[in-house]
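[1] Can you look at this prediction? I've put the sequence above it.
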Amino acid sequence: MPNNPTPGNIKSVVKNAIGPMEDYAMGYLNPVGTDPAPPSQGTGYVATMKLSVGTVGISDADILDEGTENIVSYDRCEAADANISQINMGTASSFCGLNGALWGYHLAHADLPTTPVFSIPADGGKPLDVYDATPLLDATYRLFGAVDVPRHPPLPGAHVICANKSITVRGPSYAWAFIAIAIADDPNESNLFIEDCGEFPARPYETYDKDGHPVKTVFPTGDQVSDLLLKHEYAVAKSVQLCGTDYRKKAYSKMYAVSRAVYAAPGEVGSALACAPYVLLAQNDVPNQWTTDKLVDSKLTAWQSALWSDKLQPYPFKDREVVGAP
């Protein structure tokens, strides 16, 4: 009989979310094989969260057109921070269901904030509290590693289903991305991913300091873009409440959200990527002497100490950060 996960039972899900490779994650729905006997049936999955931005400088000497510019800038997003470069990314709808677990939340628990960034009131129900999701991005970064400090990233060339959105813009402009997960109050319901991307066109100009020297700046400024991102987070939170009413009046009272933008100057191309890869963990993501049950019960810091001694740098971004703004 297949060792299928019990829906909503996180330990059963994670037990069946270990892939066939020792040192690489594998995309969900890839077969785990039968020889040798796999550690799981591959019928569960682990959802991860990634949000990345990047730019490519384009000079007249570069033999690139609009399509190849998009390719290079998008690839830089895949390789930035949590490394998922060289995968064949497939697109899925945006849920972490009853046969899934969220890395950093359901297992290898990240140090999540306890104070919301803001709350959205609800008619006749609990308000939706919105928390900074940066620790969940950091958790993915520590799972997959970076390009120059690899851990157990998805297998190069693997087919990996992701909830994802991306955008590429030509400067002067800002490319931005947003990702969130709304946690269902009922553990027997699925959790909702939201990804969004967009562009804020920019206009460079010069102003002058008190001594009359020209100062290059841009409209909107980085601070203004950060404010626009916060405004968008409010809109997304409200949309989550409305979506919940469509799913048999499902209630969400907690959401983790994060956004980021990058400024592409004149002569640059910028990209932003929000994605949630659904994976089977590498077999060696379960430390020696550990079980998958212990992985569910443990903190991210304990998992990392048990498995890694490398010098992975701290996660480099914060919520609503605007990269490269003048």
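    Thanks, I have it.
[2] Assess the claim that residue 178 and residue 167 are in contact.
    No. With contact defined as Cβ atoms under 8 Å, residue 178 does not count as touching residue 167 (10.9 Å). Glycine gets a C-beta too; all of them are placed from N, C-alpha and C.
[3] so what's in contact with these two at the same time?
    Among the neighbours of residue 178, those also in contact with residue 167 (Cβ atoms under 8 Å, 6 or more residues apart in numbering) are residue 197.
[4] Of the two, give the one with the bigger neighbour count.
    More crowded of residue 178 and residue 167, by other Cβ atoms under 10 Å: residue 178, with 25 against 21.
[5] For the residue lying closest to that one once chain neighbours are set aside, the count of nearby residues, please.
    Closest residue in space to residue 178, ignoring its immediate chain neighbours: residue 259 at 4.1 Å, by Cβ to Cβ, 6 or more residues apart in numbering. Counted with other Cβ under 10 Å, the burial measure for residue 259 works out to 27 neighbours.
[6] what lines up beside the helix or strand where residue 259 lies in the sheet?
    Following DSSP states H and E, the helix or strand that holds residue 259 is strand 252-264. Paired strands of strand 252-264, with direction, are strand 128-132 (parallel), strand 173-184 (antiparallel), strand 321-323 (parallel) (DSSP bridges).
[7] Looking at those, which is nearest to residue 104?
    Nearest to residue 104 among the strands paired with strand 252-264 is strand 173-184; the distance by Cβ to Cβ comes to 10.2 Å.
[8] The helix or strand containing residue 293: which residues count as buried?
    Under DSSP H and E, the secondary-structure element containing residue 293 is helix 292-297. Applying a neighbour-count criterion of 16 or more other Cβ atoms under 10 Å, the buried positions in helix 292-297 are 292, 294, 295, 296.
[9] And the residue nearest the centre of the chain, how close does it get to residue 87?
    Central residue of the chain (Cα atoms, centre = their mean): residue 50, 2.0 Å from the mean position. Relative to residue 87, residue 50 is positioned 11 Å away (criterion: Cβ to Cβ, to the nearest Å).
[10] try residue 160
    Taking Cβ to Cβ as the measure, residue 160 and residue 87 are separated by 5 Å.
[11] joint contacts of those two?
    27, 154, 277.
[12] how about the helices of the stretch 101-250 of the chain, start to end?
    Read by DSSP state H, counting those that start in this stretch, the stretch 101-250 of the chain holds these helices, from start to end of the chain: 134-144, 222-246.
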